[in-house]
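Participant: sequence unknown, structure follows:
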């Protein structure tokens with residue numbers, strides 16, 4: 001039995017590599033610029049915090065944790081023996097390590113940051129992050145634990161950056177402090 005199907009075989013690679021598509025890159029850059037120019041103090045804060053959030057999340061994941069854990073991907077071979085037999089590969093396996101999924105780390109970090117400042121949209125942000133994370137095992141390059149660990153790491157990195165920014169801004173730049181919105185009234 002297999003979970004593979006023609007629609008999934010078409011969609012999962014597109015979802016997993018959405019950020020490599022030129023129209024998506026243009027759209028993401030336009031949204032970022034829109035937040036800077038017309039997003040008000042909250043939008044500018046979120047847009048500017050995206051830079052350290054993504055930098056920290058990606059470096060922590062790719063340069064530190066992956067190297068420390070050094071877990072082979074399920075699509076890798078060790079001594080000519082596949083880590084997982086009969087894996088249904090939909091993208092190139094790549095030479096990188098498996099834990100954590102940097103896609104999960106980065107997308108959950110962004111979802112957490114944006115959800116902090118735009119709570120009304122948090123369901124959408126986390127749904128997209130979860131879909132991208134789920135695409136990684138679906139295309140054959142990660143284990144489920146890689147995406148669960150990656151999601152947790154991404155959330156923690158974003159919360160840490162927001163906390164550090166809020167504490168630093170309150171102390172040194174009180175005019176720049178933009179508190180995340182409170183919970184909307186039910």
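Facilitator: Arrived safely, thanks for sending. Note that the coordinates shown come from a computational prediction; the quantities given were computed from them, not determined experimentally.
Participant: most centrally placed residue in this protein?
Facilitator: Within the chain, one residue has its C-alpha closest to the average C-alpha position: by Cα atoms, centre = their mean, that is residue 107, at 1.5 Å.
Participant: show me what contacts it?
Facilitator: 128, 129, 132, 133, 154 (Cβ atoms under 8 Å, 6 or more residues apart in numbering). No exception for glycine: its C-beta is placed from N, CA and C like everyone else's.
Participant: could you point out which element follows the helix or strand harbouring the second one?
Facilitator: Meaning residue 129. For residue 129, the enclosing helix or strand under DSSP states H and E is helix 122-138. The element immediately downstream of helix 122-138 (helix or strand, assigned by DSSP H and E) is helix 144-172.
Participant: which other helices and strands does that following helix contact?
Facilitator: Other helices and strands packing on helix 144-172, by 3 or more Cβ pairs under 8 Å, 6 or more residues apart in numbering; DSSP states H and E, are helix 40-58, helix 102-117, helix 122-138.
Participant: if you average the pLDDT over the shortest one, what comes out?
Facilitator: This means helix 102-117. With pLDDT averaged residue by residue, helix 102-117 scores 97.
Participant: where does this structure have low pLDDT?
Facilitator: Judged by pLDDT under 70, the chain has its weakly predicted residues at 1-4, 179-186.
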